[in-house]
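1. okay, predicted coordinates and the sequence, questions at the end:
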Number of protein chains: 2
Amino acid sequence: MSSGEKESQNLVPKAAAARLSLYLRHLESLRITGASTISSKELARALGVTAAQVRKDLGYFGQFGFPGIGYKIENLIVEIRKILGTDRIWNVALVGYGSLGAALFRYRGFEKQGFRISAIFDNNPAVIGQPVGGLLVKNITALAHAVAEGDISLGIMAVPAETAQEVADALVFAGISGIFNFAPAVLSLPENVAYVSIDLAVQLEQLSFHVKQLREDAPFEDPEQGI
Amino acid sequence: MSSGEKESQNLVPKAAAARLSLYLRHLESLRITGASTISSKELARALGVTAAQVRKDLGYFGQFGFPGIGYKIENLIVEIRKILGTDRIWNVALVGYGSLGAALFRYRGFEKQGFRISAIFDNNPAVIGQPVGGLLVKNITALAHAVAEGDISLGIMAVPAETAQEVADALVFAGISGIFNFAPAVLSLPENVAYVSIDLAVQLEQLSFHVKQLREDAPFEDPEQGI
């Protein structure tokens, strides 16, 4: 049942991991309506995939269905949260308190899934020391100390491309396990540090590409990043 | 994610389209250093792919290399911008002027790539009419008129999940060709509307999943979304 029990040659495709998040969202919204069970077919229909895909995705992690019943919603929510690691609170360091950093700090969606921004860092003297929702923006030089003290394992980077690698190095040095990067830069990181990167302008560029392809009736794969 | 299998041998994989953006970023940064040519091998090394991959990605769109020279940087920048549709200015409507919407409006990366947020909409009376960087936040009811008047073809949605489908429907009705969605919701859209969606909490969830997999030494595909 636990994610640790899977066979070692069962590599989990990243699309399957991404769909787990979507299944979770849908199950959470169903729970609010009072539903208690769901079939793989219903779950599939809600997300525009096949029932076989749902069963395969979940099958990487264990057997969660009950014959003749389908999935018990509450149970499957618990199991998927375990798999994704969101059955716990993650303390997160936010580096960069410009307009994007400030928006990310205020973004309610993170806390709802167990991600708590518990320290904020910047290198701008005008911002350092500023009180923000119960925290004080700290000098980036205090990063390693704060990460160790605060049991912080994830970092969000909302810094310019020019300083991105330097900030990433500081996060790695501080002992962070995973980095969520918004800087439009390709980072070089050790293999034991997880890394998710979003370049917002690149995403918008993919959209204009897709619009162009649609207008030219050119063949393409749907670039939707619906994860 | 699943727009159905399209069966053309010229189908451009979405990963290739995403890499075009990365090639472009690297070429633009090289141009600043004064470089004028680059080999597929050098371009590949900078982005951590193989030279064969670079040639294949570009090969979907044409022959851009020169024998014995490689790629002419300035020329390849122009060509990739044409392919991505960023050889022109796109007028963009921003719907939702909360903290995320405000951050996206101030995000300099969009304008740099030719995306100009030229109209902002909200449904909150406290925000409607507010002057923002030379614009006034408009009532969402004015969307269709403003889109037609302002030659707007893309929409960015920074609205809550609860209103996302309604806003998407309004954008489609207004004649928008592509939607960049930040609402944590799966949207139902007509096939002729392009769609890129980012759920920030889901991305962070993918990061915690990756961290967990690394800690458990479990096999996984690198979830890096470096696009």
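-> Thanks, I have the structure now.
2. how close does A:Asp122 get to A:Gly150?
-> According to C-beta to C-beta, to the nearest Å, A:Asp122 and A:Gly150 sit 17 Å apart. All C-beta spots, glycine's among them, are computed from the backbone N, C-alpha and C.
3. looking at the two, which is more packed in?
-> A:Asp122 (22 against 13; other C-beta atoms under 10 Å in any protein chain shown).
4. elements contacting the lowest-mean-pLDDT helix or strand in chain A?
-> Within chain A, no helix or strand scores below helix A:108-112, which has a mean of 85 by mean pLDDT, DSSP states H and E. For helix A:108-112, the packing partners by 3 or more C-beta pairs under 8 Å, 6 or more residues apart in numbering or on different chains; DSSP states H and E come out as helix B:200-215.
5. quick check: buried residues in the helix it packs on?
-> For helix B:200-215, burial by neighbour count (16 or more other C-beta atoms under 10 Å in any protein chain shown) applies to B:200-214.
6. how does chain A divide into domains?
-> A:3-84, A:90-202 (automatic domain parsing).
7. buried deepest among the ones you listed, which one?
-> Neighbour counts (mean count of other C-beta atoms under 10 Å in any protein chain shown) averaged over each of the domains of chain A peak at domain A:90-202, with a mean of 19.
8. what's the end-to-end length of that domain?
-> The first and final residues of domain A:90-202 sit 28 Å from each other (C-alpha to C-alpha, to the nearest Å).
9. from the chain's centroid, how far away is the least confident helix or strand of chain A?
-> Distance of helix A:108-112 from the chain centroid (C-alpha atoms, centre = their mean, to the nearest Å) equals 11 Å.
10. show residues contacting it.
-> Applying C-beta atoms under 8 Å, 6 or more residues apart in numbering or on different chains, the contact partners of helix A:108-112 are A:Val92, A:Leu104, A:Arg116, A:Ile117, B:Pro184, B:Asp199, B:Leu200, B:Ala201, B:Leu204.
11. doesn't the first one lie inside a strand?
-> Yes - when DSSP: H, G, I helix; E, B strand; the rest coil is applied, A:Val92 is found to be in a strand.
12. for it, what are its contacts?
-> Applying C-beta under 8 Å, 6+ apart, the residues contacting A:Val92 are A:Phe110, A:Phe115, A:Arg116, A:Ile117, A:Ser118, A:Ile152, A:Leu154, A:Gly155, A:Ile156, B:Leu204.
13. and the residues you listed, which of them are in strands?
-> Counted as lying in strands by DSSP state E, out of those, are A:Phe115, A:Arg116, A:Ile117, A:Ser118, A:Ile152, A:Leu154, A:Gly155, A:Ile156.
14. quick revisit: looking at the domains of chain A, which has the lowest confidence?
-> Among the domains of chain A, domain A:3-84 carries the lowest mean pLDDT, a mean of 87.
15. off-centre distance for it?
-> Distance of domain A:3-84 from its chain centroid, counting by C-alpha atoms, centre = their mean, is 17 Å.
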